[in-house]
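Asks: this one's sequence-less:
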């Protein structure tokens, strides 16, 4: 029995998934996590450090690591890469000016070997704001089509404010991870 | 004794034999040269043949106009090189050196010719640029410390969010009431006064100098970068302040304001008045003073002691209530003379 199959068995027992939420500051990472957990989203301070939420989602337990996106603390993201099953990249679709920053940070992240097996969900957040770019436009700016062919990825529009699109996104992510780790059980 | 001498003797014998063989070979070579009827002396014969050869190659290089002849010239040069190598036994060292020099010169001129006829492809990244007619979203003045990647910029949609940009010494007003505006951008202003009335989802501030900004409630977040010597009167759910210098903030925030890469920033409570602001604040969920304006997180100062980058604005330095009065000619700015420091939470 190989190491991989042992790990698979352990994971299968626990049905746990580790999900890392990253993205520029002000993109709405914490709001998304609190919203899907049904918590109050009206008072959220910019994340200094990180939050961990354990959420039961379908038959799985999601450990969601929500890491602060301020420039100063982005260099600490790498401390959370280990054993990440799913990566959620959150984009503020109304922040046209910083899309280049956003692309650059995402490109850097995807170069990371420890994340190479992780499924990638891109949330084009703040779709409720008038003037926000559509998911298709965000995909074009981030040049997602040029991504490494082995990567499982999806872009989904959402609004953490209204909650629209969040469950659809997480459904895909969880199913995709499940089909890789638990081999469609 | 014999046994001991033997190895030495055989060695000497072998050495002798080898010398003889070498000298014999040298002799044969000399004889072959001499037996050649066309040559009187080895060196002069070599030199004349070498020079003829060299001239013919040089002529070929000069007259060559298309790349198809290049392999032939290259082959001729290697032949000449081989010829020199074969005769190196018989030539004085000076002649060898000078002929080798000639060959390397020939090679160099052939190389020059090659690069002329077949220009080397410059190494470059190519990106298929879509339409070049798109206006760039970001029209910031190029800064040496920011890496600009035009290829990526070109792929940005041409859309630009509504806002005030690139203005000097102006009073700018905007009423969001009944408008379809979601996010609003204020950038590259110098010595301007900006008055925003009504609710908006998000505000972006960039590169402001010596400006005064008064805004009604923001239902989402405010993001700010590179502001200097400004005064802001703002209410929002979240506010992030980056690269701010010597600026005062009069805030009402539902969460803790944060600063990053900033210094000389001071904070006080929100003090804006205009007709109907109470309803707007209530609609945005900002009708209550939270006192958060005084709980600033400095991301560049992650320690328990107070950050040196920000402070609470001393009461005596605060402006009083700022009243944006609607009049026929738009919004007029009126600053009340009475200080209402009694309203402070702290």
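Replies: That came through, no problem. Note that the structure is a prediction, hence the values are computed from the model and not measured.
Asks: which residues touch residue B:244?
Replies: By C-beta atoms under 8 Å, 6 or more residues apart in numbering or on different chains, residue B:244 lies in contact with B:224, B:226, B:227, B:228, B:230, B:259, B:262, B:263, B:265. The C-beta positions use only the backbone N, C-alpha and C, and glycine is treated the same way.
Asks: ok, 6 Å please
Replies: B:227, B:262, B:265 (C-beta atoms under 6 Å, 6 or more residues apart in numbering or on different chains).
Asks: between these, which is nearest residue B:117?
Replies: residue B:227 (58.2 Å; C-beta to C-beta).
Asks: Residue A:34 contacts residue A:43, correct?
Replies: No: counting by C-beta atoms under 6 Å, residue A:34 does not reach residue A:43; the two are 9.9 Å apart.
Asks: Among those two, which residue is more densely surrounded?
Replies: residue A:34 (19 against 15; other C-beta atoms under 10 Å in any protein chain shown).
Asks: Show residues contacting the host helix or strand of residue A:155.
Replies: Secondary structure assignment for residue A:155, by DSSP states H and E: strand A:153-157. Residues outside strand A:153-157 that contact it (C-beta under 6 Å, 6+ apart): A:120, A:121, A:122, A:124, A:127, A:135, A:139, A:165, A:168, A:169, A:172.
Asks: Check stretch B:258-267 too.
Replies: A:46, A:70, A:72, B:240-249, B:293, B:296-300, B:309-313.
Asks: Please report the residue range of the longest helix in chain A.
Replies: In chain A, with assignment by DSSP state H, the single longest helix is helix A:166-181.
Asks: Quick one: neighbours of residue B:301, just the number.
Replies: Residue B:301: 18 neighbours (other C-beta under 10 Å).
Asks: sorry, back to before: just put the contacts of residue B:244 in JSON lines and tack on secondary structure and pLDDT.
Replies: As requested, the contacts of residue B:244 are exported to JSON lines (DSSP: H, G, I helix; E, B strand; the rest coil; pLDDT from 0 to 100):
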{"residue": "B:227", "secondary structure": "strand", "pLDDT": "97"}
{"residue": "B:262", "secondary structure": "coil", "pLDDT": "96"}
{"residue": "B:265", "secondary structure": "strand", "pLDDT": "96"}
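Asks: In TSV, list these along with neighbour count.
Replies: What follows is the contacts of residue B:244, written out as TSV (neighbours: other C-beta atoms under 10 Å in any protein chain shown):
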residue	neighbour count
B:227	28
B:262	25
B:265	24
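Asks: Residue A:59 and chain B, how far apart?
Replies: 34 Å (C-beta to the nearest C-beta, to the nearest Å).
Asks: Find me the pLDDT at that residue, would you?
Replies: Per-residue confidence (pLDDT) for residue A:59: 86.
Asks: What of residue B:320?
Replies: Reported pLDDT for residue B:320: 84.
Asks: on that earlier part again, pick the one among the contacts of residue B:244 closest to chain A.
Replies: residue B:262 (11.3 Å; C-beta to the nearest C-beta).
Asks: Check the spacing between residue B:258 and residue A:45 real quick.
Replies: 7 Å (C-beta to C-beta, to the nearest Å).
Asks: Look at the two and report which has more neighbours.
Replies: residue B:258 (24 against 17).
Asks: what is the more buried one paired to in the beta sheet?
Replies: Per DSSP bridges, residues listed as beta-bridge partners of residue B:258: residue B:240, residue B:297.
Asks: Name the nearest residue to residue A:101, sequence neighbours excluded.
Replies: residue A:24 (6.2 Å; C-beta to C-beta, 6 or more residues apart in numbering or on different chains).
Asks: Name the helix or strand for residue B:75, please.
Replies: With DSSP H and E as criterion, residue B:75 is part of helix B:70-87.
Asks: So for that helix, what gets flagged as buried?
Replies: For helix B:70-87, the neighbour count (16 or more other C-beta atoms under 10 Å in any protein chain shown) marks B:70, B:73, B:74, B:76, B:77, B:80, B:81, B:83, B:84, B:87 as buried.
Asks: For the following helix or strand past it, name the packing helices and strands.
Replies: Moving toward the C-terminus from helix B:70-87, the next helix or strand (DSSP H and E) is helix B:93-117. Counting contacts by 3 or more C-beta pairs under 6 Å, 6 or more residues apart in numbering or on different chains; DSSP states H and E, helix B:93-117 packs against helix B:42-63, helix B:70-87.
Asks: on that earlier part again, quick one: the helix holding residue B:75 to helix B:42-63, angle?
Replies: Computed by axes from the mean of the first three to the mean of the last three C-alpha atoms, to 10 degrees, the angle separating helix B:70-87 from helix B:42-63 equals 170 degrees.
Asks: rewinding a little: the residue nearest to residue A:101 contacts residue A:103, correct?
Replies: No: Residue A:24 is beyond contact range of residue A:103, at 10.3 Å (criterion: C-beta under 6 Å).
Asks: Looking only at neighbour counts, state which of those two leads.
Replies: residue A:24 (23 against 20).
Asks: Now do the SS call for residue A:130.
Replies: coil (DSSP: H, G, I helix; E, B strand; the rest coil).
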